[in-house]
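Novice: Mind folding the following:
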Amino acid sequence: MILAVIAVGFTAYALRAILVPFLLAFFLLFVIDGMEKALARRARLPGPAALSTAIISVVAVFGVSFWIVSRNASGLVAESGGYAVRLTAILQMIADRFGLQAAPSLDGLIRIINPARYAPEVARAAEHLLQDAVFVLIYLAFMLASRAGFGAKTAAMFQQGAHAEASAVVRRIQSGVESYVFIQTVVGLIIAVASLLVMWPLGVGHKILWAFIIFLANYIPAIGAAIGVLLPPLFGLVTMDDVWRPLLLFVALEAVHFTVSHVVQPRLQGASLNIDPIVVLLSLGFWGAMFGVAGAFLSTPLTVAVMAVCAEFRATRWVAILLSSDGRPHLARAGP
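Specialist: Numbers count the residues shown, from 1 in each chain. As a prediction, this is how the structure comes out:
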């Protein structure tokens, strides 16, 4: 079994360029399915209208994301000259603070860091990101087209009892993913809107971009939002004329993140995700090492899937028990 796990893990890592878009598309398929059910149940929309609305919503999110990033990226590049002047002033202030005779120059730091050597890697990363986005949408389109035949295929693959068990596993995975997406979306929106309201009176540039990044970072469990709220203060440090506003921004954003993460999120989450907290952190490192940033985003849904599958077999049930928070991975937990 250990050799099989190693072989499967190595194969998944070797095929990550193919698997990452596929897993993201599968994740979006669960999101669309959950939105379709919610619209049909709460908005009383008929099936085709609910499905169309869910698909349009997901595609619109992709479009708005690219629009926000592209619009603000050009502004950041145009303002880069002012950042260099402010960085030079900050270096001089640090030198005066610590009694250095000669302040390190920005040009000297650039020569030491040599950002030009990272330019090809950044370009390749941007190219891969665009390619992955296109492949995700293509995979998603084909999955939606073949979704109608999933039930018939699984019924033909398994016997009556086995088909019921397989359907139960899929429902548990789907319920866990939908619950996770709902919680992270609501919490991310609360943190992003509150951060936007904090940044507005302090005069932070590109507020919409930073709020959007904070919202996206919240989908990385445990550390995503904490890292996201650090970016606006760092940006403010190189764009503002004083250090008090960036410091005030840092304190305010961390207070927002702490309050939402420790007061609001536990009330929303409740017992909906039956995963041990230390497993969430370990899975973040494991899936991040396997599939990069996409693995970090999908770490919790992938762990939910692994736990649900392992709970069905006697030989691997102990794995599911270790992954669960209460030792009962079979029990369905009430979602939001």
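
Novice: pLDDT (mean, whole number) over the helix or strand hosting Gly63?
Specialist: Using DSSP states H and E, Gly63 sits in helix 47-78. For helix 47-78, mean pLDDT is 79.

Novice: and it, what other elements does it pack with?
Specialist: Packing partners of helix 47-78 (3 or more Cβ pairs under 8 Å, 6 or more residues apart in numbering; DSSP states H and E): helix 16-42, helix 119-146, helix 207-217. Yep, even glycine has a C-beta here, placed from its N, CA and C like the rest.

Novice: Is it possible to get JSON lines of those that adds distance to Val181 and mean pLDDT?
Specialist: JSON lines is the format used below for those (distance: least, Cβ to Cβ, whole Å; pLDDT from 0 to 100):
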{"stretch": "helix 16-42", "distance to Val181": "6", "mean pLDDT": "85"}
{"stretch": "helix 119-146", "distance to Val181": "15", "mean pLDDT": "74"}
{"stretch": "helix 207-217", "distance to Val181": "13", "mean pLDDT": "87"}
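
Novice: nearest to Ala73, of the ones you listed?
Specialist: helix 207-217 (8.3 Å; Cβ to Cβ).

Novice: tally of neighbours for the residue lying closest to Phe66 once chain neighbours are set aside?
Specialist: Distances taken as Cβ to Cβ, 6 or more residues apart in numbering place Ala133 nearest to Phe66, at 7.9 Å, with adjacent residues excluded. Neighbourhood size, Ala133 [other Cβ atoms under 10 Å]: 15.

Novice: Also Phe30?
Specialist: 19.

Novice: Distance check, Ala40 against Ser52.
Specialist: 12 Å (Cβ to Cβ, to the nearest Å).

Novice: before we move on, the earlier item: I'd like the helices and strands packed on helix 47-78 laid out as a markdown table, including distance to Leu197.
Specialist: Below are these laid out as a markdown table (distance: least, Cβ to Cβ, whole Å):
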| stretch | distance to Leu197 |
| --- | --- |
| helix 16-42 | 27 |
| helix 119-146 | 30 |
| helix 207-217 | 9 |
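
Novice: Good, we can wrap up now.
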